[in-house]
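Asker: turn this into a model:
(2 chains)
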Amino acid sequence: MSGNDRFAFEDDPEVKRALGNFKASVDAWCESAASAKSAEAAMSRPRAQIAVTHGWRRAAAWALGCAVAASSLTGAVYERHHRQELARIAAARIAAQKAAGTKLAAMQQSANETDQDLLANVDNDISRAVPAAMEPLTQMMDSGQADDNGTE
Amino acid sequence: MQPMTAGAAQEIAARDFSRIVETHRPQIFRFLLASLRDVDLAETLTQECFLKAHRNWASFRGDSSAMTWLMRIAINLQKDHWRNRRLQFWRNTRANAVDLDEASEWLPSGERSAEQLMLAREQVARVWKVVGKMSERQRTVFLLRYIEERELSEIARVTGLNEGTVKAHLSRAVGKVRAELRNKP
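Answerer: Numbers count the residues shown, from 1 in each chain, chains lettered A, B, ... in the order given. Model prediction:
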């Protein structure tokens, strides 16, 4: 402010002092607001960085968790499938053994039956082949056998 | 001498504007803070002021100083803001604006004793009280003179008033301050 711009009231020492204090007050307020603003900006920067770091960590934790859950699930499914397969094989083996046993028994039975039939046929054939003249001897042999049995 | 390319001219203009912002931003903010008593609002209008100045930077011919030009934009923004909100400037209670007593708290203690500091705060509170009762035009003139320490001719250019009117506003405003200071409780 140049000298010729001044008013009579401005030269009043009390007014001069009051206006000086008024300006100093506004300047101090302004500086305080500016420093608060810069402090706020400085505080917000690391917060953003922390947020980014936390974001990465969270994503990594999620990915790891998903991988563990997926591998556990896969393992469980594989284990179940493997057990079912083993049970199926064991059941098939038992069934096959049972079938083989039954077949063997049937074969043995049929073989026995075949032998007995064959012997019976032979007996019949032999009996039929005895001439009529030998009939009494045959009866004697039968009765002799019966006697032997009775004496014993 | 090689002719300047459009890109180079733009770069120089951008550099010039950055320098203007760096130099004048604190003054524009201070004027708006004193006018509005609201830090956030003053910050917003300061940004708007420089945004508007940037948009019109190419049309700034340098007839007035950059500070005069910026201050005129700031005053118009302030007027528009209150006109749009249809609020009476100082009489309405605003959420973010500090009250007059609080505004007087921002006084550096310096070498003063506690008693001197208390008296100085009381004086500042009285000046704020008078400023609060001024008309918008008178307040703008008063703040440009006693906060921004502008010459009468520059205040006249910024406000679009003639120097006589500016002088009359200031004389009345300072008279009110004097009366308030003498009217001790």
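
Asker: report the mean confidence score over the helix or strand residue A:78 falls within.
Answerer: Residue A:78 belongs to helix A:13-129 when elements are defined using DSSP states H and E. Helix A:13-129 shows a mean pLDDT of 79.

Asker: gap between it and the chain center?
Answerer: Remark: helix A:13-129 is offset 7 Å from the chain centroid, using Cα atoms, centre = their mean, to the nearest Å.

Asker: number of residues surrounding residue A:104?
Answerer: 10 (other Cβ atoms under 10 Å in any protein chain shown). Every residue, glycine included, has its C-beta placed from N, CA and C.

Asker: so which residues on chain B come close to chain A?
Answerer: Within chain B, the positions near chain A by Cβ under 8 Å from any Cβ of the partner chain are B:26, B:29-30, B:33-34, B:39, B:42-43, B:103-104, B:106-108, B:120, B:123-124, B:126-128, B:145-147, B:149, B:151-152, B:167, B:170-171, B:174-175, B:177-178, B:181-182.

Asker: select only the buried ones of those residues in ChimeraX?
Answerer: Filtering those down to the buried ones (16 or more other Cβ atoms under 10 Å in any protein chain shown) takes a single ChimeraX command:
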select /B:29,30,33,34,39,42,43,103,104,106,107,120,123,124,126,127,128,145,146,147,151,152,167,170,174,177,178,181
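
Asker: just the residues of chain B next to chain A: which are in helices?
Answerer: Per DSSP state H, helices hold the following members of the residues of chain B next to chain A: B:26, B:29-30, B:33-34, B:39, B:42-43, B:103, B:120, B:123-124, B:126-128, B:145-146, B:152, B:167, B:170-171, B:174-175, B:177-178, B:181-182.

Asker: just checking, what packs against the helix or strand hosting residue B:84?
Answerer: Residue B:84 is part of helix B:66-85 when elements are defined by DSSP H and E. Helices and strands touching helix B:66-85, as assessed by 3 or more Cβ pairs under 8 Å, 6 or more residues apart in numbering or on different chains; DSSP states H and E, comprise helix B:6-36, helix B:39-55, helix B:136-146, helix B:152-159.

Asker: pull out the buried positions in the longest one.
Answerer: Read that as helix B:6-36. Buried-residue list, helix B:6-36, by 16+ other Cβ under 10 Å: B:17, B:20-21, B:24-25, B:27-36.

Asker: circling back to that earlier point, distance from the chain centre to the helix holding residue B:84, please.
Answerer: Per Cα atoms, centre = their mean, the centroid offset for helix B:66-85 relative to its chain is 9 Å.

Asker: show me the contact partners of that helix.
Answerer: B:20, B:23-24, B:27-28, B:31-32, B:35-36, B:41, B:45-46, B:48-50, B:52-53, B:60, B:89, B:136, B:140, B:144, B:148, B:154, B:157-160 (Cβ atoms under 8 Å, 6 or more residues apart in numbering or on different chains).

Asker: buried residues, it. List them.
Answerer: Buried, per 16+ other Cβ under 10 Å, within helix B:66-85: B:66-75, B:77-78, B:81-82.

Asker: any chance of a markdown table for those residues, columns pLDDT?
Answerer: Output for the buried residues of helix B:66-85, formatted as a markdown table (pLDDT from 0 to 100):
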| residue | pLDDT |
| --- | --- |
| B:66 | 86 |
| B:67 | 89 |
| B:68 | 90 |
| B:69 | 89 |
| B:70 | 92 |
| B:71 | 93 |
| B:72 | 92 |
| B:73 | 93 |
| B:74 | 94 |
| B:75 | 93 |
| B:77 | 92 |
| B:78 | 88 |
| B:81 | 80 |
| B:82 | 73 |
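
Asker: which one among those residues gets closest to chain A?
Answerer: Nearest to chain A among those is residue B:74, at 14.2 Å by Cβ to the nearest Cβ.

Asker: so where's chain B uncertain?
Answerer: Low-confidence segments of chain B, defined by pLDDT under 70, span residues B:1-6, B:8-10, B:12-13, B:62-63, B:85-104, B:109-111, B:184-185.

Asker: the residue most central in space within it - nearest residue in space that isn't next to it in sequence?
Answerer: For chain B, the residue sitting closest to the mean C-alpha position, by Cα atoms, centre = their mean, is residue B:31 at 2.1 Å. Among residues not flanking residue B:31 along the chain, residue B:148 sits closest, at 5.7 Å (Cβ to Cβ, 6 or more residues apart in numbering or on different chains).

Asker: check contacts around the one you found.
Answerer: B:27, B:30-31, B:71.

Asker: quick check: it vs residue A:71, distance?
Answerer: 71 Å (Cβ to Cβ, to the nearest Å).

Asker: swap in residue A:24?
Answerer: Residue A:24 is 71 Å from residue A:71, by Cβ to Cβ.

Asker: with residue B:40 instead?
Answerer: 53 Å.
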